[in-house]
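A.B. asks: Here is a sequence with its predicted model. Questions after.
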Amino acid sequence: MKKLFKISLISSVLSASMLLSTAVQAQSSAPIQCPGYEQGKTTLVGERTGKKVQKAFEFYNLDQVDEALEVLYDIDASDDFDKAYVQRFIGNLLAAQDGQGMKALGYLEDAVNPRVLNDLEHTQTLKLLGDLNMQEKKYSEAISYYEQWMDITCKQEADVYTRIANAYYEMGQLDKMIDPADKAIALYEEPNKNPYVLKLTSYYERKMYPETVKVAETLVQEFPETRQWWSQLGFFYMLVENYKLALSTFEMAYIQGHLTKVSEIKALAQLYATNDIPHKSAEIQEKYIKSGLIKRDADSLASLANTLHQAKDYEEAAQYYGEAAKLSSDPEHYRKQGVLLLTAERYKDAITALNNALDRGAEDAGKIHFSLMEANFYAGNFKQAFEHVKEAKKDSSTRRNAAAWEPYIREKAKNRGIKVS
């Protein structure tokens with residue numbers, strides 16, 4: 001924005017210098033080709049004012065802006081055009097200085113309100129007032145000046161429409177952002193991301209997610225080299241529950257090396273699991289836990305274990321639940337480890353894990369006793385199995401199944417010559 005002001009200022013000052021030369025006076029107001037617009041006559045500053053303006057320009061040309069302003073402040077012009085011309089010059093100089101935006105606005109508004117400036121000067125100032133009001137967060141005023149500039153010049157510029165869309169965003173008028181953003185998109189000779197982002201923001205913040213997806217798709221098509229659009233499109237597909245397209249988008253982004261954030265890698269892993277490809281999900285999680293991108297903590301290890309469980313890789317799932325349990329001391333992690341070890345027929349290890357769960361105050365104690373009964377039974381520990389079946393019978397959720405097992409345990413223990421009660 002500051003660079004834009006500097007360019008406008010140089011143009012204005014050069015015009016001021018040119019006006020002092022009679023050889024180019026007639027060119028000071030370029031014709032405006034706008035239907036119905038009545039061309040204004042070319043007006044020149046008076047001789048007395050012109051000399052002081054020339055002096056100010058000389059100071060400016062030496063980068064002595066404060067000295068130039070002192071000269072301009074001292075001008076007491078009586079003619080309306082001279083007064084407006086000097087105010088415009090002061091406003092342009094102030095606009096290029098940090099912290100002088102509001103003061104510049106006052107001078108520039110006083111310069112355009114009488115409508116006595118030459119056409120080129122008037123329209124340049126209107127556009128600058130739009131830019132300066134944007135800088136000062138006076139968004140409604142900015143839009144008004146941009147529209148005045150367009151009405152008079154019949155010009156349409158992509159950058160101006162982009163600023164108008166941004167002004168509507170800043171004012172919270174999200175629905176009004178779309179039209180200027182679309183006009184900006186149509187006017188840019190080369191694709192520009194800014195109006196697309198404004199459109200996307202408008203739709204997203206209004207929870208118009210299908211429309212948001214369409215804009216995100218266009219961003220990927222127009223700017224395929226920009227990694228962030230790929231992941232955003234993937235997340236938006238997830239938002240509308242199109243998990244197959246979400247996965248294909250994240251997969252393509254991953255292949256191209258566009259996924260670098262933890263949230264993106266986790267989303268890819270989640271999408272593999274959601275689309276019934278748990279082995280790939282586990283592979284991604286394990287890779288990035290080992291690399292350190294995904295923090296090796298109880299939650300990430302338990303998530304990996306859960307995915308391996310889905311993939312029916314019970315022993316490896318049990319291993320990771322065990323690692324999670326060591327970090328968390330969570331009885332639920334020990335319980336899941338024990339159940340998986342039981343499924344994998346590693347009965348001794350299952351007993352250890354399930355007892356750890358009980359020792360740490362696990363909920364659903366009846367279910368754990370039932371699992372311990374099974375593990376001990378298959379390990380040949382009939383006495384211990386019988387003790388756990390009695391505990392399991394105390395829980396309403398496992399009482400029926402435990403009661404069915406009780407005579408079976410008695411019979412097997414009797415056949416082995418073992419007394420269980």
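C.D. replies: Ah, there it is. Numbers count the residues shown, from 1 in each chain.

A.B. asks: following the helix or strand containing Asp66, which helix or strand comes up?
C.D. replies: Taking DSSP states H and E as the criterion, Asp66 maps to helix 65-73. Later in the chain than helix 65-73, the nearest helix or strand by DSSP H and E is helix 80-95.

A.B. asks: Point out the other helices and strands that that following helix packs with.
C.D. replies: Applying 3 or more CB pairs under 8 Å, 6 or more residues apart in numbering; DSSP states H and E, one finds that helix 80-95 contacts helix 2-19, helix 47-61, helix 65-73, helix 101-112, helix 119-135. Backbone N, C-alpha and C define where each C-beta goes, glycine included.

A.B. asks: and if we set it to 6 Å?
C.D. replies: On a contact count with 3 or more CB pairs under 6 Å, 6 or more residues apart in numbering; DSSP states H and E, helix 80-95 meets helix 2-19, helix 65-73, helix 101-112.

A.B. asks: tell me which residues in that helix are buried?
C.D. replies: Neighbour-count burial for helix 80-95 flags 81-95 (criterion: 16 or more other CB atoms under 10 Å).

A.B. asks: What residues sit buried inside stretch 109-128?
C.D. replies: For stretch 109-128, a neighbour-count test (16+ other CB under 10 Å) marks 109-112, 116-128 as buried.

A.B. asks: For it, give the mean pLDDT please.
C.D. replies: In this model, stretch 109-128 carries a mean pLDDT of 92.

A.B. asks: How far off centre is that stretch?
C.D. replies: 39 Å (CA atoms, centre = their mean, to the nearest Å).

A.B. asks: Can you give me the end-to-end span of it?
C.D. replies: One end of stretch 109-128 to the other measures 10 Å (CA to CA, to the nearest Å).

A.B. asks: residues contacting Ala269?
C.D. replies: 281, 284-285 (CB atoms under 6 Å, 6 or more residues apart in numbering).

A.B. asks: Save the residues you listed as a markdown table, and put in distance to Tyr204, neighbour count and secondary structure too.
C.D. replies: Shown next, in a markdown table, are these (distance: CB to CB, whole Å; neighbours: other CB atoms under 10 Å; DSSP: H, G, I helix; E, B strand; the rest coil):
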| residue | distance to Tyr204 | neighbour count | secondary structure |
| --- | --- | --- | --- |
| Ser281 | 27 | 26 | helix |
| Ile284 | 27 | 23 | helix |
| Gln285 | 29 | 27 | helix |
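
A.B. asks: Same list, those residues, but as TSV with pLDDT and distance to Tyr161 please.
C.D. replies: Putting those into TSV (pLDDT from 0 to 100; distance: CB to CB, whole Å) gives the following:
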residue	pLDDT	distance to Tyr161
Ser281	98	44
Ile284	98	42
Gln285	98	45
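
A.B. asks: Of the residues you listed, which is the nearest to Ala56?
C.D. replies: Ile284 (66.3 Å; CB to CB).

A.B. asks: Can you list the neighbours in contact with stretch 313-323?
C.D. replies: 301, 304-305, 308-309, 333, 336-337, 340-341, 343-344.

A.B. asks: and the two most separated of those residues?
C.D. replies: Going by CB to CB, the pair spanning the contacts of stretch 313-323 furthest: Leu301 and Thr343, at 18.9 Å.

A.B. asks: Looking only at neighbour counts, state which of these two leads.
C.D. replies: More crowded of Leu301 and Thr343, by other CB atoms under 10 Å: Leu301, with 26 against 15.

A.B. asks: Just say helix, strand or coil for the more buried one.
C.D. replies: helix (DSSP: H, G, I helix; E, B strand; the rest coil).

A.B. asks: thought it was touching Ala324?
C.D. replies: Yes. Between Leu301 and Ala324 there is a contact at 3.9 Å, judged by CB atoms under 6 Å.

A.B. asks: if I pick Tyr272, what's in contact with it?
C.D. replies: 280-281.

A.B. asks: Retrieve the pLDDT associated with it.
C.D. replies: Value for Tyr272, per-residue pLDDT: 98.

A.B. asks: C-alpha coordinates for the helix or strand where it lies, CSV please?
C.D. replies: Tyr272 belongs to helix 262-274 when assigned by DSSP H and E. Output of helix 262-274 as CSV, limited to C-alpha atoms (Å, rounded to 0.1, in the frame of the first residue of the first chain):
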residue,chain,number,x,y,z
VAL,A,262,1.2,-32.6,11.5
SER,A,263,-2.4,-31.8,10.9
GLU,A,264,-2.1,-32.7,7.3
ILE,A,265,-0.3,-36.0,7.9
LYS,A,266,-2.8,-37.0,10.5
ALA,A,267,-5.7,-36.1,8.1
LEU,A,268,-4.2,-38.4,5.5
ALA,A,269,-3.8,-41.2,8.0
GLN,A,270,-7.4,-40.7,9.2
LEU,A,271,-8.7,-40.7,5.6
TYR,A,272,-7.0,-44.0,4.9
ALA,A,273,-8.7,-45.5,7.9
THR,A,274,-12.1,-43.9,7.1
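
A.B. asks: And it, what's buried?
C.D. replies: For helix 262-274, by 16+ other CB under 10 Å, it's 264-274.

A.B. asks: hey, where'd the helices end up in the stretch 251-400 of the chain?
C.D. replies: 262-274, 278-291, 298-310, 314-328, 331-343, 347-359, 365-378, 382-392, 399-415 (DSSP state H, counting those that start in this stretch).

A.B. asks: Show me what the fifth one is in contact with.
C.D. replies: Spelled out, that is helix 331-343. With CB under 6 Å, 6+ apart, helix 331-343 has contacts from 314, 317-318, 321-322, 324-325, 349-350, 353-354, 356-357, 360, 362, 368, 371, 375.
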